[in-house]
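>>> Sequence first, then the predicted structure:
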Amino acid sequence: MHVFSRRLLKFTMLAGVAAGLWHAGAQARVVTEGVDRIEPAASVVPASAGAFEAPLLVPRLVWEGADVDGDGQADFVNPTGEAPRDHDAYGSGQFGASRDGGGREHAGVDYRAHGGQDVRAPMSGYVSKIGYVYEDSRNLRFVEITNPALHYVTRVMYVDAAVVEGQAVHAGQTIGAAHSLQDRYPGITDHVHLEVARLGGHKMDAARLITARLEVPADSAA
């Protein structure tokens, strides 16, 4: 073969190899960039490595309100969607928990919250009163809701109200924002305090009217 032809053939082969390497590198960069955008810690697993594993389905708490009038609809709602406050330096958030060294009992249920989050009406009715939780504080208020048809009254404390007295509200409607308690009770678990009572009756445990159950999300891949 002519020397010039051999050199041309060698150059063509080298150029083809270089182009192939450049193309493979470009593909690798595209794949890597795509993976980085989706999940930086992910690794590329060959298809032959095994079957695809479905994501772990984590149970979640679902809050259900009691149907006290028997119409098939829940009459009560968890005001924050969170669980009651656990025991901390200021005691437990459960109804009847000890207060003031045993001198009195907790008259409501404390549902965990973070400052500024929406707080929902625990039942339908009308806003019968907006007032101050403590006489020495103008920052911490409560919203009282009365439902004459159900014969219940509720008070949600530590709320910056977004409603006014006399306003009709429905269960689950936003009535304000949770106010942080850190200025008054440093280190306490922020929460809203819910009191429930029969009209003209004694206060009762809201946890009897607002209960929780575990629900496993449906497998969307099924």
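Cool, got the structure. Residues are numbered from 1 along each chain as shown.
>>> For stretch 64-78, which residues meet the burial criterion?
65, 74-78 (16 or more other Cβ atoms under 10 Å). Every residue, glycine included, has its C-beta placed from N, CA and C.
>>> How about stretch 208-217?
209-210.
>>> now do the same end-to-end measure for that stretch.
25 Å (Cα to Cα, to the nearest Å).
>>> swap in stretch 79-98?
First-to-last residue span, stretch 79-98, Cα to Cα: 23 Å.
>>> chain center to that stretch, what's the gap?
Stretch 79-98 has its C-alpha centroid displaced from the chain centroid by 17 Å (Cα atoms, centre = their mean, to the nearest Å).
>>> Any regions of the chain where pLDDT drops low?
Residues of the chain meeting the criterion pLDDT under 70: 1-54, 219-222.
>>> and the two most separated of the buried residues of stretch 64-78?
Asp75 and Asn78 (12.7 Å; Cβ to Cβ).
>>> can you list residues touching both of those two?
When Cβ atoms under 8 Å, 6 or more residues apart in numbering defines a contact, the residues bordering Asp75 and Asn78 alike are Gly65.
>>> Just the buried residues of stretch 64-78: which are in strands?
Within the buried residues of stretch 64-78, residues falling in strands by DSSP state E are Gly65.
>>> how about a markdown table for the buried residues of stretch 64-78, with distance to Glu135 added?
Converted to a markdown table, these look like this (distance: Cβ to Cβ, whole Å):
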| residue | distance to Glu135 |
| --- | --- |
| Gly65 | 32 |
| Ala74 | 35 |
| Asp75 | 32 |
| Phe76 | 29 |
| Val77 | 29 |
| Asn78 | 29 |
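>>> between the buried residues of stretch 64-78, which is closest to Val196?
Using Cβ to Cβ, the buried residues of stretch 64-78 come closest to Val196 at Phe76, 7.8 Å.
>>> From what I see, Arg138 and Gly131 are in contact.
No - Arg138 lies out of contact with Gly131 (Cβ atoms under 8 Å); the separation is 10.8 Å.
>>> and the two? which has more neighbours close in?
Neighbours were counted for Arg138 and for Gly131 using other Cβ atoms under 10 Å; Gly131 has more, 12 against 8.
>>> Check which helix or strand the closest residue to that one other than its chain neighbours maps to.
Take Gly131 and drop its neighbours on the chain: the residue closest to it by Cβ to Cβ, 6 or more residues apart in numbering is Phe142, 5.7 Å away. Secondary structure from DSSP states H and E places Phe142 in strand 141-147.
>>> what does that strand rub up against?
Residues contacting strand 141-147 (Cβ under 8 Å, 6+ apart): 75, 121-133, 152-161, 163, 169, 175-176, 179, 199.
>>> In stretch 197-210, which of the residues would be classed as buried?
Buried-residue list, stretch 197-210, by 16+ other Cβ under 10 Å: 197, 203-204, 206, 209-210.
>>> residues near the residue nearest to Gly131, how many?
Counted by other Cβ under 10 Å, the residues lying close to Phe142 total 21.
>>> For it, name its beta-bridge partners.
Gly131, Met157 (DSSP bridges).
>>> Distance of it relative to Gly72?
Distance, Phe142 to Gly72, by Cβ to Cβ, to the nearest Å: 31 Å.
>>> now swap in Thr154 and tell me
Counting by Cβ to Cβ - Thr154 and Gly72 are separated by 21 Å.
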